[in-house]
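>>> next one to model:
(chains A, B, C and D)
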Number of protein chains: 2
Amino acid sequence: MTNTQQTAVPRQRPTMRDVAALSGVSLKTVSRVVNLEPGVSDDLTDRVRQAAEQLDYHPNLTASSLRRSDGKTQTIGLILEDVSNPFEAALHRRIEEVARERGVVVIAGSVDEDEVRERDLATALVARRVDGLIVMPTGHDQSYLAKEQRSGTPMVFVDRPPTFLDADAVLTANATGARIAIEHLLAHGHRRIGFLGDLPSISTAIERLTGYHDALDRAGISVDSALIRQALTASDQAEVAVAELLAAPDAPTAIFASQNLLTIGVVRALHHMGRQHEIALVGFDDLPLVDLLNPGVTLVLQDVAGLGTAAAEILFRRIDGDTGPSERMILPTTLVPKGSGEILGPYATSSTGTAS
Amino acid sequence: MTNTQQTAVPRQRPTMRDVAALSGVSLKTVSRVVNLEPGVSDDLTDRVRQAAEQLDYHPNLTASSLRRSDGKTQTIGLILEDVSNPFEAALHRRIEEVARERGVVVIAGSVDEDEVRERDLATALVARRVDGLIVMPTGHDQSYLAKEQRSGTPMVFVDRPPTFLDADAVLTANATGARIAIEHLLAHGHRRIGFLGDLPSISTAIERLTGYHDALDRAGISVDSALIRQALTASDQAEVAVAELLAAPDAPTAIFASQNLLTIGVVRALHHMGRQHEIALVGFDDLPLVDLLNPGVTLVLQDVAGLGTAAAEILFRRIDGDTGPSERMILPTTLVPKGSGEILGPYATSSTGTAS
DNA sequence: CTGAAAGCGCTTACAG
DNA sequence: CTGAAAGCGCTTACAG
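Sure, this is the predicted structure:
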């Protein structure tokens, strides 16, 4: 009756050997019962179960996967830029759900925009012999993963395609999404439309700029490079850029923010200037609470759930042995009018805006 | 010169044995070089390094941890309600950062509010022999973890304390935070203050209600249970609750939303009714973009970074062998006035509001 | 239906 | 300074 619970010495974890000894059978019989292999008599099955229960035996999956012929660890790796970014956290959740149905867990990690961290994390995951990898690439060269790929670690890229590597990828139709956003603004009577973009080293940033060009080209409007501001990575930079754009002569009457942090900066700038009902705005990517703003912010939404689910499903097909040629899946975007994108521009006609 | 790269058969991964054979040394010497153990001649070290490079050898951490005397997998588990919830995703990121400095990766999983999933995830993590566990508990009984704890898996609880289990916990001062929120509203001349709460089965929900009671008690105001709405789990429920509260005779002039989803519902309801400048509001937990609303929403913020960092640091102290009595760390909140909480109530005096 | 031996890829505990 | 043998906890490939 002494109170030794608090300072209990960590007992050794029981092993199959312990269960075998207690139930008076061989190791192999315990293994059969634990793995639900058929062909063990009811009597022995019961004895093993009771012994396992009594000892509180829990199988060691790492030992089992080491010996097992397929070598599966029932673990996959997920390389993100930042697990706490809402878009990526949503991606993570979808991937987790697909994995969970198969008894697989996910090791996720953040590499910011650091190529060295991307490689270090990949190494750490491979060292743990994950069954596969889902990567949102940061660096501009994923050829370092080719050896791993050939060694039998399947990998799927998400949101951004791999560079210098042939692998599956699940992407958003960034150019088309951006083009539709610009066409929406054109339809509402805007001709001078500002573009706010992220680092041009990020493939999605370039694709969205391409969509901007495409829309203007199709409309026969020449692109004015003074309206294009790139390499913006944070909302305060976007805020400054908007102030500058609107202060210039021949200022834009509408703005396209090609990433959610930049959209925040634009909203902030317009509200501070009190011009939120005058300058039209369409943003790329979701933003919470945006419908409570006045005006609401018109957004181009990616299919985050679709991206995550598809990436995970393709990965598991590969893990299951599919060796077909690499696949590229492109998911469409949706433009959701909320108010800011429907502000009429100087070229608006009486019929403008009825389409949306 | 045939193009076999595309259909390359997965080569077997090279092992230490392969490196030993190629460099003409023993397995043990390779192990010494790989683990940077001292006392290997420069000559052999070079030969081993070259062979490893040539074969593209990468050590198998799962095999090494199986044999290693400390048995560490350099992996920890994180049990959350939802990895995509902003509060939890931020927690995840902080924990990841602390882990990364030690070469440890994080397996995180979501259990929603499902006790069965909580146990299943814990089992999956233990099967992989994680070095420790950080848990945001969902169920109302964590005694099932006692055996794991005694078997030597350290664990730290975060955000919510464990039930029926003695373990470290890092928590927010929920009652105090709620009390300060109510005192803020009282100071601005409100006497009838609505309370919106989550499921009373969630400990933090109860603590925040306690803070509400405390503030009113201290002010000598009797609690009117008609103003208290509990078991609200989603923003639309909060929206309905606000409509009902404000429609009642002797309606509240201020509202305290004790959780971020509920705050969203209140904002939505007030904006729809056009009463956002009339009814005061303080919310618990962070909400993005809230400063762009009109009025901005006054919030009680938790120290998310502090919670995550502290939980991880305590866990690693335990993993390193600290066997001291279990610790409970309570982090303070911060009230950030943004406008909605400073709307004056019917009992406001001329000096009201100067304090904040 | 049951089990003894070997081995997954590595480290430990020795011996030389 | 180097290495041969044993073993971490389990599954494989047999044999009975």
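
>>> isn't there a helix covering A:R317?
Yes: assessed by DSSP: H, G, I helix; E, B strand; the rest coil, A:R317 belongs to a helix.

>>> OK, contacts around it?
For A:R317, the contact set (Cβ atoms under 8 Å, 6 or more residues apart in numbering or on different chains) is empty. All C-beta spots, glycine's among them, are computed from the backbone N, C-alpha and C.

>>> for it, give its distance to DNA strand C.
In this structure, A:R317 and DNA strand C are 24 Å apart, going by Cβ to the nearest atom of the strand, to the nearest Å.

>>> so A:T73: helix, strand or coil?
coil.

>>> any idea how far it is from DNA strand C?
Going from A:T73 to DNA strand C by Cβ to the nearest atom of the strand gives 12 Å.

>>> pretty sure that residue sits against B:L61.
No: A:T73 is beyond contact range of B:L61, at 10.5 Å (criterion: Cβ atoms under 8 Å).

>>> determine the residues that are contacts of both of these two.
Contacts common to A:T73 and B:L61, judged by Cβ under 8 Å, 6+ apart, are A:128-129.

>>> ok, A:L165 touching A:K147?
No: using Cβ under 8 Å, A:L165 is not in contact with A:K147, being 10.7 Å away.

>>> neighbour count winner among those two?
Between A:L165 and A:K147, counted using other Cβ atoms under 10 Å in any protein chain shown, the more crowded position is A:L165 (19 against 14).

>>> tell me the secondary structure at the residue of the stretch 151-300 of chain A found nearest DNA strand D.
Nearest residue of the stretch 151-300 of chain A to DNA strand D (Cβ to the nearest atom of the strand) works out as A:G152 at 16.4 Å. Put simply, A:G152 is coil when judged by three-state DSSP.

>>> roughly how far does it sit from A:T323?
11 Å (Cβ to Cβ, to the nearest Å).

>>> the two: who's more crowded?
When A:G152 and A:T323 are compared for neighbours, A:G152 comes out ahead with 16 against 11, by other Cβ under 10 Å.

>>> show me what the residue nearest to A:I343 when sequence neighbours are not counted is bridged to.
Computed as Cβ to Cβ, 6 or more residues apart in numbering or on different chains, the closest residue to A:I343 that is not its neighbour in sequence is A:A280, at 4.1 Å. Listed beta-bridge partners, A:A280: A:A254 (assigned using DSSP bridges).

>>> who touches A:A280 in this structure?
A:185, A:188, A:190, A:253-255, A:340-345 are the contacts of A:A280 under Cβ under 8 Å, 6+ apart.

>>> how about these, which pair is most distant?
Across those, no pair lies farther apart than A:I255 and A:L344, at 14.8 Å, counting by Cβ to Cβ.

>>> neighbour count: these two, which is higher?
Each of A:I255 and A:L344 has its neighbours counted (other Cβ under 10 Å); A:I255 has more, 29 against 15.

>>> so how far is chain B from the more buried one?
Distance, A:I255 to chain B, using Cβ to the nearest Cβ, to the nearest Å: 16 Å.

>>> hang on, that residue packs against A:I193?
Yes: checked against Cβ under 8 Å, the pair A:I255 and A:I193 is within contact range at 7.0 Å.

>>> first-to-last residue distance for stretch A:274-283?
19 Å (Cα to Cα, to the nearest Å).

>>> just the buried residues of it, please?
A:276, A:279-283 (16 or more other Cβ atoms under 10 Å in any protein chain shown).

>>> show me which of those is closest to DNA strand C.
Of all the buried residues of stretch A:274-283, DNA strand C sits closest to A:G283, with 48.2 Å by Cβ to the nearest atom of the strand.

>>> the closest one belongs to a strand, doesn't it?
Yes: membership of A:G283 in a strand is supported by three-state DSSP.

>>> quick revisit: I'd like to know which of the contacts of A:A280 are buried.
Using 16+ other Cβ under 10 Å, the buried ones in the contacts of A:A280 are A:185, A:188, A:190, A:253-255, A:340-343, A:345.

>>> returning to what we had before: could you report the separation of the residue nearest to A:I343 from A:I79?
Applying Cβ to Cβ, the value for A:A280 to A:I79 is 37 Å.

>>> and A:V297, by the same measure?
30 Å.

>>> got it, and A:D168?
14 Å.

>>> can you name the residue of the stretch 51-200 of chain A nearest to DNA strand C?
As assessed by Cβ to the nearest atom of the strand, DNA strand C sits closest to A:R67 within the stretch 51-200 of chain A, at 3.1 Å.

>>> which pLDDT value goes with that residue?
Reported pLDDT at A:R67 in the predicted model: 93.

>>> that one and A:P346: what is the separation?
Taken as Cβ to Cβ, the span from A:R67 to A:P346 is 73 Å.

>>> now A:S143
Separation of A:S143 from A:P346 (Cβ to Cβ): 50 Å.

>>> swap in A:G77?
52 Å.

>>> so which of the two has more stuff around it?
A:G77 (24 against 9).

>>> please, which helix or strand holds the nearest residue to that one once chain neighbours are set aside?
Once flanking residues are discounted, A:G77 sits nearest to A:L125: 3.5 Å by Cβ to Cβ, 6+ apart. In this structure, A:L125 sits in helix A:115-127 according to DSSP states H and E.

>>> quick one, helices of chain A?
Along chain A, the stretches classed as helices by DSSP state H are A:16-23, A:27-34, A:42-55, A:61-67, A:86-100, A:115-127, A:146-150, A:174-187, A:203-218, A:235-247, A:260-273, A:304-319.

>>> nearest to chain B: which residue in the stretch 51-200 of chain A?
A:G152 (3.5 Å; Cβ to the nearest Cβ).

>>> quick check: that residue touching B:R13?
Yes: A:G152 is within contact range of B:R13, at 7.3 Å (criterion: Cβ under 8 Å).

>>> show me what contacts A:Q259?
A:196-198, A:205, A:208, A:284-285.

>>> got the residues of the stretch 151-300 of chain A near chain B?
Counting by Cβ under 8 Å from any Cβ of the partner chain, the stretch 151-300 of chain A comes close to chain B at A:151-152, A:264, A:267-268, A:271, A:287-290, A:292-294.

>>> hmm, try it at 10 Å
A:151-154, A:166, A:260, A:263-264, A:267-268, A:270-272, A:276, A:287-294, A:297 (Cβ under 10 Å from any Cβ of the partner chain).

>>> which among those count as buried?
For these, buried by 16+ other Cβ under 10 Å: A:152-154, A:260, A:263-264, A:267-268, A:270-271, A:276, A:287, A:289-293, A:297.

>>> for the stretch 201-350 of chain A, give me the ranges with low pLDDT.
By pLDDT under 70, the weakly predicted segments of the stretch 201-350 of chain A are A:350.

>>> for whichever residue of it sits closest to DNA strand C, grab the count of nearby residues.
The nearest approach of the stretch 201-350 of chain A to DNA strand C comes at A:I319, 17.8 Å away (Cβ to the nearest atom of the strand). Neighbour count of A:I319, defined by other Cβ under 10 Å: 19.

>>> quick check: the gap between it and A:V130.
Distance, A:I319 to A:V130, by Cβ to Cβ: 10 Å.

>>> between those two, which contacts overlap?
A:72, A:76, A:104, A:153-154 (Cβ atoms under 10 Å, 6 or more residues apart in numbering or on different chains).

>>> possible to save these as JSON lines with pLDDT?
Output for those, formatted as JSON lines (pLDDT from 0 to 100):
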{"residue": "A:K72", "pLDDT": "94"}
{"residue": "A:I76", "pLDDT": "98"}
{"residue": "A:V104", "pLDDT": "98"}
{"residue": "A:T153", "pLDDT": "93"}
{"residue": "A:P154", "pLDDT": "96"}
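
>>> what's the farthest-apart pair in those residues?
Maximum pairwise distance among those (Cβ to Cβ): 14.1 Å, between A:V104 and A:T153.
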